[in-house]
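Novice: Make a model of this:
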Amino acid sequence: MTALWIAHVTVTDDAAYGEYAKRATVAIAEHGGVFLARGGKFEQLEGPTRSRNVVARFASLQAAHDCYYSEAYQEALSFAKGASQRELSIVEELA
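Specialist: Model prediction:
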């Protein structure tokens, strides 16, 4: 089953987060991830508002997991830490 990587983000340091985004794009693509939404318009209906929302599709939950824990993504993530407030989940899609 395919899986979605769903992130809700408030960026606090544009330069550092930009470096994260550049590096994360490569890591996600290397693991077969495809962006479905990335920072576009949104309407917050419930919960805390985060100004940036990202959804990427992976071939499986395992592929999304492997991407997150990959060396390339962890290196990218080091730029996001301290430069953002984030929530990130991996969710299997319905068959």
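Novice: contact partners of the lengthiest helix in the chain?
Specialist: The residue-count maximum for a helix in the chain (DSSP state H) belongs to helix 14-30. Under the contact criterion Cβ atoms under 8 Å, 6 or more residues apart in numbering, helix 14-30 has outside partners 5, 9, 11, 35, 56, 67, 70, 72-73, 75-80, 82-84. Where C-beta positions appear, they are placed from N, C-alpha and C, glycine not excepted.
Novice: Helices - which of those residues land there?
Specialist: Cys67, Ala72, Tyr73, Glu75, Ala76, Leu77, Ser78, Phe79, Ala80.
Novice: residues of the longest helix of the chain that come out buried?
Specialist: Ala16, Tyr17, Glu19, Tyr20, Ala21, Arg23, Ala24, Ala27, Ile28 (16 or more other Cβ atoms under 10 Å).
Novice: Buried ones among the contacts of helix 14-30?
Specialist: Trp5, Val9, Val11, Ala56, Cys67, Tyr73, Ala76, Leu77, Phe79, Ala80, Ala83, Ser84.
Novice: which among the residues you listed gets closest to Pro48?
Specialist: Distance ranking of the buried ones among the contacts of helix 14-30 against Pro48, using Cβ to Cβ, places Val9 first at 11.1 Å.
Novice: How about that closest one: which residues does it bridge to?
Specialist: Arg52, Arg86 (DSSP bridges).
Novice: Please list all residues in contact with it.
Specialist: By Cβ under 8 Å, 6+ apart, the contact set of Val9 is Tyr17, Arg50, Ser51, Arg52, Asn53, Val54, Ala80, Ser84, Gln85, Arg86, Glu87.
Novice: doesn't Glu87 make contact with the second one?
Specialist: Same thing as Arg50. Yes. Using Cβ atoms under 8 Å as the test, Arg50 is close enough to Glu87 to be in contact (7.3 Å).
Novice: hey, what's in contact with both of the two?
Specialist: Overlap of the contact sets of Arg50 and Glu87 (by Cβ under 8 Å, 6+ apart) consists of His8, Val9.
Novice: Perfect, that will be all.
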